[in-house]
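Q: Coordinates for the following, if possible.
(chains A and B)
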Amino acid sequence: DAGVIQSPRHEVTEMGQEVTLRCKPISGHDYLFWYRQTMMRGLELLIYFNNNVPIDDSGMPEDRFSAKMPNASFSTLKIQPSEPRDSAVYFCASSRARTEAFFGQGTRLTVV
Amino acid sequence: SQQGEEDPQALSIQEGENATMNCSYKTSINNLQWYRQNSGRGLVHLILIRSNEREKHSGRLRVTLDTSKKSSSLLITASRAADTASYFCATDEAAAGNKLTFGGGTRVLVKP
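A: Numbering: from 1, shown residues only, chains lettered A, B, ... in the order given. Next comes the predicted model:
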């Protein structure tokens, strides 16, 4: 398996634009997590899914953030409209229940 | 909010020395996991210890878990320059259905 695949690896966008981050989890994993990492806040859990259903989105910072998982092999995290304070590295991870999570390489988002 | 908190925040040692870092958490857990992150990369799973286990070994890594104190420690023996990285603990919260939350991390520098 190629592991968790995220795209794009880097994204630079202007304030106010819509940003969509993509994630392909490892086949057979039934949990998918979205994290955001910044120097100030560390690694924050934004939302996680079980069998494509959102379980906990309490970490999503604002209504500008939304996440979907239309099927077991694809998830998106969307920010609309984006703001400079959204600049961070966004990680996707997948796992089976009660086991280790496998992380993608992350998307470095810069909003100018 | 972060479930786990690592201590110390940063650690600098000479190659060959041991490195110890601690993690404290707040709620009941199913398991506790340790991850490593090299600069600019995704997190890599190191070891998982279940709530009914007290100690676990993997190569040069030794993890302990004290559920009565809600704390864990990670010991890296005979450190190498390649061990330079940030180390994070993560907790799988018992009441939250496989919710995996991370602490702030310990930055370890191993000097050759």
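Q: which stretch of helix or strand covers residue B:64?
A: strand B:61-66 (DSSP states H and E).
Q: packing partners for that strand?
A: strand B:29-37, strand B:43-50, strand B:55-58, strand B:71-76 (3 or more CB pairs under 8 Å, 6 or more residues apart in numbering or on different chains; DSSP states H and E). C-betas here are computed from N, CA, C, even on glycine.
Q: If we use 10 Å, what do you get?
A: Secondary-structure packing of strand B:61-66 (3 or more CB pairs under 10 Å, 6 or more residues apart in numbering or on different chains; DSSP states H and E): strand B:19-24, strand B:29-37, strand B:43-50, strand B:55-58, strand B:71-76.
Q: Tell me which of the ones you listed lies nearest to chain A.
A: strand B:43-50 (3.9 Å; CB to the nearest CB).
Q: and among the helices and strands packed on strand B:61-66, the most buried is which?
A: Ranked by mean neighbour count under mean count of other CB atoms under 10 Å in any protein chain shown, those are led by strand B:29-37, which reaches a mean of 23.
Q: Which neighbours in the sheet does that one have, and how are they oriented?
A: strand B:43-50 (antiparallel), strand B:85-93 (antiparallel) (DSSP bridges).
Q: Let me have these in a markdown table, extended by mean pLDDT.
A: Shown next, in a markdown table, are these (pLDDT from 0 to 100):
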| stretch | mean pLDDT |
| --- | --- |
| strand B:43-50 | 96 |
| strand B:85-93 | 94 |
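Q: for those strands, which one sits closest to residue A:49?
A: strand B:85-93 (15.5 Å; CB to CB).
Q: which is the next helix or strand following that closest one?
A: Next along the chain after strand B:85-93, taking DSSP H and E as the criterion, comes strand B:100-102.
Q: Verify the contact between residue B:5 and residue B:26 for me.
A: Yes - with contact defined as CB atoms under 10 Å, residue B:5 and residue B:26 form a contacting pair (8.8 Å).
Q: Between these two, which has more neighbouring residues?
A: residue B:5 (17 against 14; other CB atoms under 10 Å in any protein chain shown).
Q: who's that one bridged to?
A: Following DSSP bridges, residue B:5 is listed with bridge partners residue B:24.
Q: How about the contacts made by it?
A: Residue B:5 is in contact with A:42, B:22-26, B:71, B:89, B:103-105, counting by CB atoms under 10 Å, 6 or more residues apart in numbering or on different chains.
Q: Identify the farthest-apart pair in those.
A: Spanning the widest gap among the contacts of residue B:5 are A:42 and B:71, at 18.6 Å by CB to CB.
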